[in-house]
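Chemist: After the sequence you'll find the predicted model.
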Amino acid sequence: MIRNIPDANGDDVTLLLQHFPVLGGDETALEKWWTLGLAHASVRDGHLPLSLSETDRLLTPLLRLTVGTTQYALADYKTYLKNDGASIALAGMVQKIAALSPQAHPILQPVLLEYQRIAVELARNKTSGIDKALENIAAYRELIIERMDKIEDYLNWYEATQMPEQSGAFTDFMQEAKDQGKWKPPQRHDVISKYIDQLEREFE
């Protein structure tokens, strides 16, 4: 596209659509895609990204597309590319993932970009290396989620057992749970706990 800019006579939109038909094919579709993207980005506070789990949860249904009356996974391209509406459905997938991107968790941005790239390649009927690309990005996505879960578990464990004082992040929640009778501090009945409880009563 960049090489062809001198020949575009200033008509950059047409040049863009020629090289990226997945954007819709005409100026009206491109304007609609842009407007929807801006509207989606304005719904939430722009400075607050989604959590990792929420981003992953919202991404999952976007990786399915409907061609005709049948729904397919992105990996089922050998079947749905035979249908006339496949390129339009893939274009819709690219737009939806792009709309999610502004609020997506930063660590999952490469995942979103790779799925968009794959969808664009499929929309252009280019299938070379797609199976390997899908396999790699799925493994990478799973690895990120697994490692971040382990990091979160470790941080929770560290706060609960190793920090000299609690952060207080759960104080209101625990108090509300106690007030509603949904939770009460665990009662220990071992010999040492009973002895400490007795000393506490005596000093009181």
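Modeler: Thanks, I have the structure now.
Chemist: show me where the protein has helices.
Modeler: 12-19, 27-43, 52-62, 77-80, 86-100, 109-123, 130-161, 171-179, 191-203 (DSSP state H).
Chemist: Kindly reformat the ones you listed as TSV containing mean pLDDT.
Modeler: Below are those laid out as TSV (pLDDT from 0 to 100):
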stretch	mean pLDDT
helix 12-19	82
helix 27-43	69
helix 52-62	92
helix 77-80	93
helix 86-100	92
helix 109-123	94
helix 130-161	86
helix 171-179	70
helix 191-203	72
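Chemist: can you tell me how far the residue nearest to the spatial centre of the chain sits from Ile192?
Modeler: By CA atoms, centre = their mean, the chain has its centre lying nearest to Thr55, at 2.4 Å. Going from Thr55 to Ile192 by CB to CB, to the nearest Å gives 46 Å. Bear in mind the C-beta positions are built from the backbone N, C-alpha and C, glycine included.
Chemist: again with Trp34
Modeler: For Trp34 relative to Ile192 (CB to CB), the value is 68 Å.
Chemist: More neighbours: which of these two?
Modeler: Trp34 (14 against 8; other CB atoms under 10 Å).
Chemist: I'd like the distance between that one and Ser193.
Modeler: Relative to Ser193, and taking CB to CB, Trp34 is found at 65 Å.
Chemist: And for Ser53?
Modeler: Applying CB to CB to Ser53 and Ser193 gives a distance of 37 Å.
Chemist: Ile107 too?
Modeler: In terms of CB to CB, Ile107 sits 43 Å off from Ser193.
Chemist: And Phe20, by the same measure?
Modeler: Per CB to CB, Phe20 is found 68 Å from Ser193.
Chemist: Between these two, point out the one with more neighbours.
Modeler: Ranked by neighbour count (other CB under 10 Å), Phe20 and Ser193 place Phe20 first, with 17 against 11.
Chemist: residues near Pro106, how many?
Modeler: With other CB under 10 Å as criterion, Pro106 counts 9.
Chemist: What about Phe135, how many residues nearby?
Modeler: In this structure residue 135 is Glu, not Phe. 11.
Chemist: if I look at it, how far off is Trp33?
Modeler: Distance, Glu135 to Trp33, using CB to CB: 29 Å.
Chemist: For the helices of the chain, state which one has the densest average packing.
Modeler: A comparison of the helices of the chain by mean neighbour count, using mean count of other CB atoms under 10 Å, puts helix 86-100 on top with a mean of 21.
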